[in-house]
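Participant: Okay, here's the prediction I keep looking at, along with the sequence it came from:
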Amino acid sequence: MSSTRDIDALIDLMTRLPGLGPRSARRAVLHLIRKRALLLTPLADMMQTVAATARECINCGNVGTADICDICTSEKRANGEICVVEDVADLWAMERSGVFKGRYHVLGGTLSALDAIGPQELRIPRLLDRVRDEAVSEVILALNATIDGQTTAHYIADQLEGQVRLTSLAQGVPIGGELDYLDDGTITAAMRARKSI
């Protein structure tokens with residue numbers, strides 16, 4: 001039996017995280033072990049806590065520790081605007097920029113015929129319900145500038161045509177780009193220069 005079996009298993013688990021290959025995972029695990037009291041133990045405790053308490057907001061799809069997230073419960077955010085994003089990382093990127101003061105809707109992905117992902121597999125029906133029930137005046141389609149992202153945006157625009165003002169992010173978002181990788185200034189410029197669809 002290997003004396004490093006548990007450490008090897010931790011390294012293997014770390015390599016499953018985005019952006020961590022075997023070498024980076026080894027370095028991270030060794031650093032955590034060296035800083036056991038300062039990092040490893042608190043990290044393990046917090047991961048256990050988050051595993052037990054994290055949940056998706058039943059209204060918008062954001063991640064938090066309550067059934068309805070802080071953004072959805074904030075009366076200050078009830079301005080009639082809903083910003084539609086693909087995933088929670090995109091929502092967090094928009095929040096980092098501080099430019100959007102409305103509410104969000106996380107689709108949970110994009111339409112993809114190749115992967116058999118249709119509107120029912122995403123939160124598109126919930127979005128349509130929210131537009132009808134929440135007195136929404138504008139839906140901002142802040143989807144990634146990929147083929148699937150734009151296909152999804154066009155589908156949603158078709159479903160909401162004539163019901164609400166529809167806009168999308170404008171300049172600053174490169175074709176093939178993803179919101180999570182953009183800097184705050186680019187997101188701010190794109191949000192301010194949004195255009196009607």
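Facilitator: Okay, I see it.
Participant: and the closest residue in space to Leu179 that isn't next to it in sequence, what does it touch?
Facilitator: Nearest in space to Leu179, with sequence neighbours left out and distances taken as C-beta to C-beta, 6 or more residues apart in numbering, is Asp90 at 4.2 Å. Every residue, glycine included, has its C-beta placed from N, CA and C. Each residue near Asp90 by C-beta atoms under 8 Å, 6 or more residues apart in numbering is listed here: 106, 142, 144, 178-180.
Participant: mind redoing it with 7 Å?
Facilitator: 142, 179-180 (C-beta atoms under 7 Å, 6 or more residues apart in numbering).
Participant: Same question for Thr152.
Facilitator: 107, 110-111, 143.
Participant: Can you say which two of those residues are spatially most distant?
Facilitator: Leu111 and Leu143 (10.1 Å; C-beta to C-beta).
Participant: which one of those two has more residues nearby?
Facilitator: More crowded of Leu111 and Leu143, by other C-beta atoms under 10 Å: Leu143, with 25 against 20.
Participant: Just to check, the more buried one is in contact with Asp87?
Facilitator: No. The criterion here is C-beta atoms under 7 Å, and Leu143 misses it with Asp87 at 10.2 Å.
Participant: What sits closest to the spatially most central residue of the chain if chain neighbours are left out?
Facilitator: Taking C-alpha atoms, centre = their mean, the centroid of the chain lies closest to Val88, which sits 1.7 Å from it. Leaving aside its chain neighbours, Val88 sits nearest to Val63 (5.0 Å; criterion: C-beta to C-beta, 6+ apart).
Participant: Likewise for Lys195?
Facilitator: Nearest non-adjacent residue to Lys195 (C-beta to C-beta, 6+ apart): Ala170, at 5.0 Å.
Participant: secondary structure element for the residue nearest to Leu179?
Facilitator: helix 88-97 (DSSP states H and E).
Participant: So Ala170 sits against Ala193, correct?
Facilitator: Yes. Using C-beta under 7 Å, Ala170 is in contact with Ala193, at 3.9 Å.
Participant: Does the residue nearest to Lys195 belong to a helix, a strand or coil?
Facilitator: Recorded secondary structure, Ala170: coil (DSSP: H, G, I helix; E, B strand; the rest coil).
Participant: That one and Val85: what is the separation?
Facilitator: Distance, Ala170 to Val85, using C-beta to C-beta, to the nearest Å: 16 Å.
Participant: Next: Ile197.
Facilitator: 16 Å.
Participant: just to revisit the earlier point, between the contacts of Thr152, which is nearest Arg96?
Facilitator: Looking across the contacts of Thr152 and measuring by C-beta to C-beta, the closest to Arg96 is Leu143, at 17.7 Å.
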